[in-house]
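Student: attaching a predicted model along with its sequence, questions to come.
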Amino acid sequence: MQETEQKESGKNNSLKKDIFEMVLYLAGVIIVVTFLYHYVGQQVEVSGSSMEQTLSDGDRLILEKLSYHFDKPKRFDIIVFRPQEAERNLYYIKRIIGLPGETVKIENGYIYINGKKIKENYGNGTILESGLASETIRLKEGEYFVLGDNRNNSQDSRSPKVGNVEADAIVGRVFIRIWPLSEVGKLTHQIETKVSE
């Protein structure tokens, strides 16, 4: 009788240990996944055509969040950010054009950085509306000027609803396209560009 009770007690202790280890394991997985989601990367889906021809409606992307903890965003990075006057779960995806401390102006369809015309071939068409950038915009420390690649169908830093993007509003940088399958691959951000003298 005593031997049977000891066996049952041993089984109960073993079961409790197994349950405890399983709970501990699941808690560890949840912590790791939460960390990866908030600080390393997550999947996002493009909604709309403001980044055509680079990105299309329905494209699925991996957003990486880690690099901006160690380095500042660079010109032409494609970023996801939360606009100043956005609904709770609304995020925008645009391309960085102007960096902190620079001036930005759009005149006659051209972008001027610090008074010099920038030549870049991301834009899908000549810019027809300069918006806020029809006057020179001076970016403060930690502010970025962003545009959609589909320049004439994009709500971006030219609009008062978006304006300059503050560093703490940036969620991360678009890294890889994972859908559609025909377009899978790493996205190139910086290309050789020239500023006219």
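Tutor: Great, that's in hand. Numbers count the residues shown, from 1 in each chain.

Student: pretty sure G172 contacts I62?
Tutor: No - in terms of CB atoms under 8 Å, G172 does not count as a neighbour of I62; the distance is 9.4 Å. For the C-beta atoms, the positions are set from N, CA and C on the backbone; glycine is no exception.

Student: so these two - more neighbours on which side?
Tutor: Taking other CB atoms under 10 Å, G172 and I62 do not tie; G172 has more neighbours (23 against 17).

Student: for the more buried one, what are its contacts?
Tutor: By CB atoms under 8 Å, 6 or more residues apart in numbering, the contact set of G172 is G41, Q42, L63, E64, K65, Y68, I79, V80.

Student: give me that answer again for 10 Å
Tutor: Contact partners of G172, counting by CB atoms under 10 Å, 6 or more residues apart in numbering, are 39-42, 44, 62-69, 73, 77, 79-81.

Student: and it, what helix or strand is that in?
Tutor: Here G172 sits within strand 170-179, counting by DSSP states H and E.

Student: and that strand, which strands flank it?
Tutor: Strand 170-179 pairs in its sheet with strand 60-64 (antiparallel), strand 78-81 (antiparallel), strand 185-186 (antiparallel), by DSSP bridges.

Student: show me the domain layout of the protein.
Tutor: What automatic domain parsing lists as the domains of the chain is 1-43, 46-195.
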